[in-house]
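1. Only the shape, not the letters, is given here:
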Ligand SMILES: Cc1cc2nc3c(=O)[nH]c(=O)nc-3n(C[C@H](O)[C@H](O)[C@H](O)COP(=O)(O)OP(=O)(O)OC[C@H]3O[C@@H](n4cnc5c(N)ncnc54)[C@H](O)[C@@H]3O)c2cc1C
Ligand code: SF4
Ligand code: SF4
Ligand code: SF4
């Protein structure tokens, strides 16, 4: 078959031949491109239920494929491969492979919720997008997102000791995400800060820490203030 | 009193109920709030009706004439019922014209209200003059000329958007209006007849030309009149610099975005519950179902019933309904009312 709408077909299924002879007939030239048929051997019947277990995706079964979400989508306007309607269809019919194939763009949803406010069936497609991104991570199709690494470190410390050490959370987070402790941007920031920091101001900081000066003509104001707050508290709490 | 049935609303359903009551020798009192009889097809100026193909003013006109000429039917136009006392067999109704009516039974044939497209602002009605509703196109067909309201030109391309004000949780309308698919397929053919060069596109989510309407309207519109059916729900209607309308959406079947210029965009508006229903519910003491239509009594043995004995209903008052079915139901409600009255007099004697 000659194919005009090549953009609709996955590149790996397009077969191009310089010369081609079919049943003894030379069909080179215009007829040089063929597609391999795509056969669906199985639907994963549980896939929809799996996705519905993620918060936000509970309504995915309501979809009737009208396309309103895709029409209104911020990301679709940038890239027509970003198609929430289609992914929802794939979820409903159990076409996992279709989701995995688009794993590199599904996470790009910007959570603008335009889809959610237009959907006539109240499917809340934004929640489905989030669920799919999480599912891809859970199944190991995507590297863990930084926020997930952070959350895991946080909860592990709670489990272990009932409390967290801020610095340890940060340290381990940086280590696990392969980030240097002092990233390049922070270094540049620090250097510039030093360059532009007024030295006099720094000195004043230091002196104030040592002798903690009072506001001028503060006098008994502090005492009065304390008294006032005490009275107010008594008035309200009796 | 037990020989009189009060019928409220003179659309296809009410006219049919009145004719039924009168032909059995009972008296019908018909109360209609508008100054004309005939209901939506007459008040909104529909063109040729589905499925008969007859002009609304002829077909419904015959129904009006039949009751106007019947000595057993009393008609109050421009009138509403303001109060109803009593019970089945002996109701007394006060009318807004000061009169009062004694009746043994009441039939509510109060119909529906057209969805107001202003409630879907993204589809441009009220913003662009060339965005119109199916009722406006019906009127154009009746007048014999399809023209863009903005400048009177004949449209080269017309888009009909289905399910406007129906099947939409966002605006709390979770029902299908039942007839607009068929009416739209029919309007596409009527537009083509008046202006053969005009291209008509119908944007749909599902096509519901139920029963015998499938081949006579859907297939005929597609095959003989070349109406193009596109499976897409439009996201928004905007204007191009040249003043034409732009439809933005996704053609779902080819999974690709579309932005298409049109000269006229038609909203296939749905059927809302009659906006008088809260008032009707109070005055007549009948319940409304969850969408706001009149609540049906148990249907199997209390056919045409409501939640109150002695008060019956029919047609679009119960929910979206076609003209033909409204007429049949009107006849059934009229028959049910007089049968119950007959039963009461027999028991009393
Ligand atoms: C654009 C459009 C086109 C359509 N075309 C077709 C078609 O071709 N074929 C078809 O089968 N169906 C069609 N329909 C559906 C059709 O309009 C309805 O089936 C029909 O009007 C229902 O009849 P009804 O008598 O129940 O209600 P209505 O026609 O709504 O009549 C109700 C009557 O009651 C009166 N009334 C309301 N409240 C009160 C009150 N409180 N007191 C007194 N009177 C009151 C109203 O003024 C009105 O006269 C169309 C609908 C739309 C929106
Ligand atoms: S929330 Fe995500 S999927 Fe929804 S419209 Fe915005 S970018 Fe698109
Ligand atoms: S807008 Fe809602 S119903 Fe329509 S395709 Fe998107 S998720 Fe499905
Ligand atoms: S009849 Fe068709 S256009 Fe009307 S609400 Fe139902 S599906 Fe939508």
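-> Ah, there it is. Just so it is clear, the model here is predicted, and its values are computed rather than measured. Residues are numbered from 1 along each chain as shown, chains lettered A, B, ... in the order given. Ligands and ions are numbered 1, 2, ... in the order given.

2. make it CA atoms for all contacts and neighbour counts henceforth
-> Noted.

3. wait, what's in contact with the residue nearest to the spatial centre of chain A?
-> Centrality entry for chain A: nearest residue to the mean C-alpha point is residue A:107, 5.5 Å, by Cα atoms, centre = their mean. If you count contacts by Cα atoms under 8 Å, 6 or more residues apart in numbering or on different chains, residue A:107 has them with A:129-130, A:132-133.

4. what does residue A:168 give?
-> Contacts of residue A:168 (Cα under 8 Å, 6+ apart): none.

5. Helix or strand next in line after the helix or strand containing it, which one?
-> If you go by DSSP states H and E, residue A:168 is part of helix A:166-176. Once helix A:166-176 ends, the next helix or strand along the chain (criterion: DSSP H and E) is helix A:184-196.

6. Show me which positions of that next one end up buried.
-> Within helix A:184-196, no residue is scored as buried using 16 or more other Cα atoms under 10 Å in any protein chain shown.

7. try stretch B:83-96
-> B:83-84, B:88-95.

8. Closest one to residue B:314 out of those residues, please.
-> Set against residue B:314, the nearest of these by Cα to Cα is residue B:88 (17.7 Å).

9. Can you tell me the closest non-neighbouring residue to the closest one?
-> Nearest residue to residue B:88, sequence neighbours excluded (Cα to Cα, 6 or more residues apart in numbering or on different chains): residue B:310, at 4.3 Å.

10. May I have the distance across stretch B:207-215, first residue to last?
-> Using Cα to Cα, to the nearest Å, the end-to-end distance of stretch B:207-215 comes out at 12 Å.

11. Is ligand 1 within reach of it?
-> No - judged by Cα under 6 Å from any ligand atom, stretch B:207-215 stays clear of ligand 1, getting no closer than 10.7 Å.

12. Return the set of buried residues in that stretch.
-> B:207-209, B:213.

13. and if you look at stretch B:54-69?
-> Buried, per 16+ other Cα under 10 Å, within stretch B:54-69: B:55-57, B:59-60, B:63-64, B:67-68.

14. Now flag whichever of those is closest to ligand 1.
-> residue B:56 (8.0 Å; Cα to the nearest ligand atom).

15. contacting residues for the residue nearest to residue B:88?
-> B:87-89, B:104-106, B:337.

16. With residue A:164 instead?
-> Shown in contact with residue A:164 (Cα under 8 Å, 6+ apart): A:154, A:157-158.

17. at 10 Å instead, please
-> Going by Cα atoms under 10 Å, 6 or more residues apart in numbering or on different chains, residue A:164 touches A:153-158.

18. what's the answer for residue A:52, then?
-> Residues near residue A:52 by Cα under 10 Å, 6+ apart: A:58-61, A:91, A:127-128, A:131-132.

19. again, but for residue A:192
-> Contacts for residue A:192 (Cα under 10 Å, 6+ apart) come out as residue A:186.

20. hang on, the earlier thing: in helices only, show me the contacts of residue A:52.
-> With helices taken from DSSP state H, the overlap with the contacts of residue A:52 comprises A:91, A:127-128, A:131-132.

21. buried sites along the helix holding residue A:168?
-> A:169, A:172-174.

22. now do stretch B:317-331
-> By 16+ other Cα under 10 Å, the buried positions in stretch B:317-331 come out as B:317-324, B:326-331.

23. Spell out which parts of chain A neighbour ligand 2.
-> A:72-75, A:84, A:109-115, A:125-126.

24. so which of these comes closest to residue A:43?
-> Distances from residue A:43 to those, taken by Cα to Cα, are shortest for residue A:84, at 19.3 Å.

25. There's contact between the closest one and residue A:70 in this structure, I believe.
-> Yes - judged on Cα atoms under 10 Å, residue A:84 makes contact with residue A:70 at a distance of 5.7 Å.

26. all helices for chain A, in order.
-> Under DSSP H, chain A gives helices at A:47-52, A:68-72, A:74-78, A:84-93, A:96-101, A:103-106, A:114-118, A:125-138, A:146-161, A:166-176, A:184-196, A:199-211, A:221-237.

27. Please identify the deepest-packed of those helices.
-> Across the helices of chain A, averaging neighbours per residue (mean count of other Cα atoms under 10 Å in any protein chain shown) puts helix A:68-72 on top, at a mean of 28.

28. Right, I'll leave it there.
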